[in-house]
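**Student:** how would this look folded up:
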Amino acid sequence: MEVKYVNWGLANNFGTHIELNKNLKDYPHLHENILKHELNHSDKFFTLDDLKQDITPIMLNQLELIKFFFKYPRSLIQFLPFYWTIKKGFVYDINLIFIYLFIGVLIFGSIFLGLYF
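**Tutor:** Okay, the predicted model is just below:
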């Protein structure tokens with residue numbers, strides 16, 4: 001699969017190609033493990049295996065990843081469930097949307113139960 005290097009986000013698998021942040025080249029350990037993670041995704045719209053893969057931690061040096069996010073703040077776009085780019089237009093991550101909806105339901109449900117029971 002073709003790998004394209006971009007200035008934003010961390011990594012995304014679009015089925016036809018993978019986009020990696022170009023600055024990951026300076027972090028070989030992160031680059032290798034993140035690329036492996038993206039290669040394990042399917043090219044389908046949504047699968048439970050892809051969702052499981054996104055919620056399962058990958059073997060990364062978390063301190064190194066945090067340093068990367070601080071040094072390259074445009075990489076934080078990775079945590080947005082949807083965004084706009086000039087080349088692709090509206091881009092969304094269905095797995096992040098489901099994860100955020102699940103977290104939202106848990107928070108809302110906890111607050112609701114805490115206030116009314």
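**Student:** C-alpha from now on. contacts and neighbour counts both.
**Tutor:** OK.
**Student:** wait, what's in contact with the residue most central in space within the chain?
**Tutor:** Central residue check for the chain by Cα atoms, centre = their mean: the C-alpha nearest the mean position is that of residue 78, 4.9 Å away. Contact partners of residue 78, counting by Cα atoms under 8 Å, 6 or more residues apart in numbering, are 8-11.
**Student:** which residues of this structure fall in strands?
**Tutor:** Secondary structure of the chain (DSSP state E): strands at 2-6, 11-13, 17-21, 82-85, 89-92.
**Student:** Need the ones you listed in TSV (columns: distance to residue 68).
**Tutor:** As requested, these are arranged in TSV below (distance: least, Cα to Cα, whole Å):
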stretch	distance to residue 68
strand 2-6	15
strand 11-13	13
strand 17-21	10
strand 82-85	21
strand 89-92	23
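**Student:** just these: most buried one?
**Tutor:** With neighbours defined as mean count of other Cα atoms under 10 Å, those peak in mean count at strand 11-13, which reaches a mean of 21.
**Student:** name the helices or strands packed onto that strand?
**Tutor:** If contacts are counted by 3 or more Cα pairs under 8 Å, 6 or more residues apart in numbering; DSSP states H and E, strand 11-13 sits against strand 17-21, helix 28-39.
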